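Chemist: Below are the sequence and a predicted model; questions follow.
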Amino acid sequence: MTIAAVLLGALTTHLTTFLMERQRKKHELVTRWDSKKLDAYEGYVDNVRTCIFLAVHLYECKEGLRERDKSDQEILADMSEAGRMRGRAFERIMLLGGDDVVEAAHELNAVALQVDWQASGKIEGTLEDWRERNRAAFRAVNNFHESARVDLGVDGRVSGERHPERDLLLPPARRGGGSGNA
């Protein structure tokens, strides 16, 4: 009877230790992947925003809204490199992201490309079209943030009642009655 009790105690201790170790390793794996996802999500948004800011730079130079500091060819080369980096960052989303995050990234790519295309002249548009494309891009960025937060288990939201949608920050109209601000 004593031997059976010792064996039962040893078996119980072994089983408990095994289960605790298994749970610890599972937690470490989840934490490791969450860290990789966070890096991927942050890098992707950073690359998308870089592309948008370069497109804005090109558009404003072409429209005479900004003092030219580079040629169109130089800005287009910067945009091309940024687009390549955005594509690489998107591939990380495809590898690590949850379904909703991947779909949000697809949507964000689609609207961000519209900004690139109008800036580079691949599609036509008015100043108001330009502004609406930029608004759509930043709504898509917020939607991506929302999906990423849910995927990572982060509480709270970046939109809704407590965080109303914000519009583009635009400079005041130019002197002389011009309203050509981007």
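Modeler: The structure has been received and is ready for your questions. Numbers count the residues shown, from 1 in each chain.
Chemist: Tell me who's in contact with residue 123.
Modeler: Residue 123 sits next to 114, 117 when contact means CB atoms under 8 Å, 6 or more residues apart in numbering. C-betas here are computed from N, CA, C, even on glycine.
Chemist: so how far is stretch 44-56 off the chain centroid?
Modeler: Relative to the mean C-alpha coordinate of its chain, stretch 44-56 is positioned 10 Å out (CA atoms, centre = their mean, to the nearest Å).
Chemist: Tell me which residue is most central in the protein.
Modeler: When CA atoms, centre = their mean is applied to the chain, the residue found nearest the centroid is residue 45 (2.8 Å).
Chemist: where's it, which helix or strand?
Modeler: Counting by DSSP states H and E, the element that carries residue 45 is helix 2-62.
Chemist: Show me what that helix is packed against.
Modeler: Applying 3 or more CB pairs under 8 Å, 6 or more residues apart in numbering; DSSP states H and E, one finds that helix 2-62 makes contact with helix 72-96, helix 99-120, helix 127-152.
Chemist: between those, which gets nearest to residue 24?
Modeler: helix 127-152 (20.6 Å; CB to CB).
Chemist: Residue 104 is in contact with residue 147, correct?
Modeler: Yes: using CB atoms under 8 Å, residue 147 is in contact with residue 104, at 4.1 Å.
Chemist: of the two, who's got more company?
Modeler: Taking neighbours as other CB atoms under 10 Å, residue 147 and residue 104 compare with residue 104 leading, 25 against 22.
Chemist: Could you double-check that the more buried one lies in contact with residue 151?
Modeler: No: Residue 104 lies out of contact with residue 151 (CB under 8 Å); the separation is 9.5 Å.
Chemist: Let me have the helices and strands packed on helix 2-62 in a markdown table, adding distance to residue 22 and mean pLDDT as columns.
Modeler: Below are these laid out as a markdown table (distance: least, CB to CB, whole Å; pLDDT from 0 to 100):
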| stretch | distance to residue 22 | mean pLDDT |
| --- | --- | --- |
| helix 72-96 | 24 | 97 |
| helix 99-120 | 27 | 97 |
| helix 127-152 | 23 | 95 |
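Chemist: Just put those helices in CSV and tack on distance to residue 56.
Modeler: What follows is those, written out as CSV (distance: least, CB to CB, whole Å):
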stretch, distance to residue 56
helix 72-96, 10
helix 99-120, 7
helix 127-152, 7
